[in-house]
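S.K.: next one to model:
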Amino acid sequence: MSDEAAGIPGGAVAAAGQAVDAAGPAPLGVVRTPTGHAGVDAHLARLADADHLEADGHLEVYEDVHRGLRDALDALDAPPLPGPYENRS
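M.R.: Numbering: from 1, shown residues only. From the prediction side, this is the model:
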């Protein structure tokens with residue numbers, strides 16, 4: 001059965017099998033697996049914002065996510081802060 005016969009306008013189907021507006025952006029349906037690190041997961045969840053934007057709006061989201069992930073990695077290289085009793089003379 002064709003998409004037109006199934007009642008899907010323009011033949012556009014989202015990854016989950018739902019009809020979408022062929023004229024607008026369509027989600028890619030990419031599964032984002034949680035990492036267990038709240039900060040990283042929040043940045044990865046932000047990628048979903050690009051699903052509803054035209055292609056020219058993706059760059060801002062991708063750069064924001066990249067910056068946040070880079071900051072999270074940089075934080076791993078930072079020396080630990082001394083505890084309250086480690087500064088005794």
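
S.K.: which residue is the nearest non-sequential neighbour of residue 46?
M.R.: Of all residues not flanking residue 46 in the chain, residue 65 sits nearest, at 5.3 Å (Cβ to Cβ, 6 or more residues apart in numbering). C-betas here are computed from N, CA, C, even on glycine.

S.K.: show me what the helix or strand containing that neighbour is packed against.
M.R.: Assessed by DSSP states H and E, residue 65 sits inside helix 58-77. If you count contacts as 3 or more Cβ pairs under 8 Å, 6 or more residues apart in numbering; DSSP states H and E, helix 58-77 packs onto helix 38-46.

S.K.: let's see the helix it packs on as CSV, backbone CA atoms only.
M.R.: The C-alpha trace of helix 38-46 is given here as CSV (Å, rounded to 0.1, in the frame of the first residue of the first chain):
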residue,chain,number,x,y,z
ALA,A,38,23.4,14.1,34.6
GLY,A,39,25.3,17.0,32.9
VAL,A,40,26.2,15.0,29.8
ASP,A,41,22.7,13.6,29.5
ALA,A,42,21.2,17.1,29.7
HIS,A,43,23.4,18.2,26.8
LEU,A,44,22.5,15.1,24.7
ALA,A,45,18.8,15.7,25.4
ARG,A,46,19.2,19.2,24.0
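
S.K.: which neighbouring elements make contact with it?
M.R.: helix 58-77.

S.K.: between the helix it packs on and helix 38-46, how many degrees?
M.R.: 170 degrees (axes from the mean of the first three to the mean of the last three Cα atoms, to 10 degrees).
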